[in-house]
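Asker: Everything below, folded, please.
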Amino acid sequence: MMKTTPYNLFMSALYGGRKGIRPPAGNPTSIACVELMKACGAFFPEAHLNPRAMADLALAGHELAGFDTVMPEYSVHQESAALGCEMDWGNETRMPDAKTAPYAGFSDVIVPENILEKPSMRVVLDALSILRREVGGQAAIIGKVMGPWTLSYHMAGTQNFLLQLGLGEKDKINRMLRQLMPVTIAFANAQFRAGADAVVLADHATGNLVGPYHYRDYLLPIHQEITARVGGPMILHVCGNCLDRLELFAESGVDAYHFEWQVDAKAAVEKIGDRISLIGNLNNPKTLFQGTPEDVYRQARYAIEAGVDIIGPECAVPLTTPLANLRAISAAVLDGY
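Answerer: Next comes the predicted model:
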């Protein structure tokens with residue numbers, strides 16, 4: 001029988017391998033909440049900027065919430081800060097936000113030669129190294145990078161980028177995506193070298209904003225190139241209802257897709273089969289934030305019984321999510337298959 005450590009359970013499920021005695025609980029995106037911050041003494045914004053605080057908050061998700069993973073990147077702006085966005089790093093109840101879009105005119109993106117040494121990116125690598133020393137081989141260590149679509153939102157401004165997309169400015173869109181792709185690849189490979197066991201590719205070509213044909217025409221070839229050039233397993237995260245493009249995601253070269261509650265768990269499993277693993281898909285605003293632990297437990301059990309491989313929130317949880325609700329996910333997986 002497979003050794004049932006958190007690391008083994010998660011990695012086997014990620015690769016679609018042997019099942020242990022229970023499904024794993026995983027968080028490809030942030031489960032940082034105020035109660036976890038208070039419990040471990042690591043608060044925002046310090047946990048975005050200091051590697052020890054970043055690692056401590058990630059450890060709290062494993063040690064206090066019971067997840068089988070540690071994921072130390074809570075913001076979607078670590079790369080965009082390094083690429084020149086002016087940042088508001090938020091506070092314990094407010095996530096970071098970029099105050100500027102330095103390439104709103106779609107001029108050529110200038111990527112610093114030393115971008116991996118920029119403070120907002122170096123901190124992630126240092127935090128991953130701390131986690132490797134402290135829980136490597138025990139819990140699965142998850143890194144995270146922004147894909148070129150998300151980075152383009154930050155560089156050009158989301159509305160501006162989508163306007164150019166709607167106007168059919170294919171050359172502008174493709175040029176920016178291609179100029180930003182090396183940042184994604186370099187950061188992902190650096191995270192594997194630093195200690196990550198898997199890396200999330202967060203690329204927000206959100207199902208509610210863009211169609212499956214946009215993903216097929218613009219992003220699929222780029223994601224295929226990213227996965228071919230990154231030396232480790234990758235988890236795709238795209239928000240929204242993406243049932244109509246799951247089969248395209250399965251062609252991208254990723255090992256798993258992290259999906260939202262808007263896609264029914266049974267429908268997702270039926271659609272994707274065993275081509276890639278599925279991670280998710282608890283409802284953040286209604287169940288995790290506003291619901292009871294019993295509500296969370298029931299929804300997690302539904303996902304388990306549907307055949308979802310790894311159970312967790314659909315996306316980064318609201319910062320005032322009750323810790324008891326996160327623990328209810330862990331309770332649900334402990335009850336086995």
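Asker: List the buried residues in the helix of greatest length in the chain.
Answerer: If you go by DSSP state H, the chain has its longest helix at helix 170-194. Using 16 or more other C-beta atoms under 10 Å as the test for burial, helix 170-194 gives 172-173, 176-177, 179-181, 183-192, 194. Where you see a C-beta, it was placed from the backbone N, CA and C, and this is true even at glycine.
Asker: Can you tell me how far the closest residue to residue 247 other than its chain neighbours is from residue 145?
Answerer: Nearest residue to residue 247, sequence neighbours excluded (C-beta to C-beta, 6 or more residues apart in numbering): residue 271, at 7.0 Å. Counting by C-beta to C-beta, to the nearest Å, the separation of residue 271 from residue 145 is 26 Å.
Asker: Please identify which of those two sits among more neighbours.
Answerer: Set residue 271 next to residue 145 and count neighbours by other C-beta atoms under 10 Å: residue 145 wins out with 29 against 17.
Asker: The more buried one: what secondary structure?
Answerer: strand (DSSP: H, G, I helix; E, B strand; the rest coil).
Asker: before we move on, what about the one 5 residues further on?
Answerer: When classified by three-state DSSP, residue 150 comes out as helix.
Asker: so what's it up against?
Answerer: Residue 150 sits next to 76, 202-204 when contact means C-beta atoms under 8 Å, 6 or more residues apart in numbering.
Asker: now residue 317
Answerer: Applying C-beta under 8 Å, 6+ apart, the residues contacting residue 317 are 30-33, 284, 288-289, 326.
Asker: can you do 6 Å?
Answerer: Neighbouring residues of residue 317 by C-beta atoms under 6 Å, 6 or more residues apart in numbering: 31, 284, 288.
Asker: so what's the backbone phi/psi at the first one?
Answerer: So the one you mean is residue 31. When read as degrees, to the nearest 10, the backbone of residue 31 gives phi -110, psi 20.
Asker: Pull the number of nearby residues for it.
Answerer: Other residues lying near residue 31 total 28 when counted by other C-beta under 10 Å.
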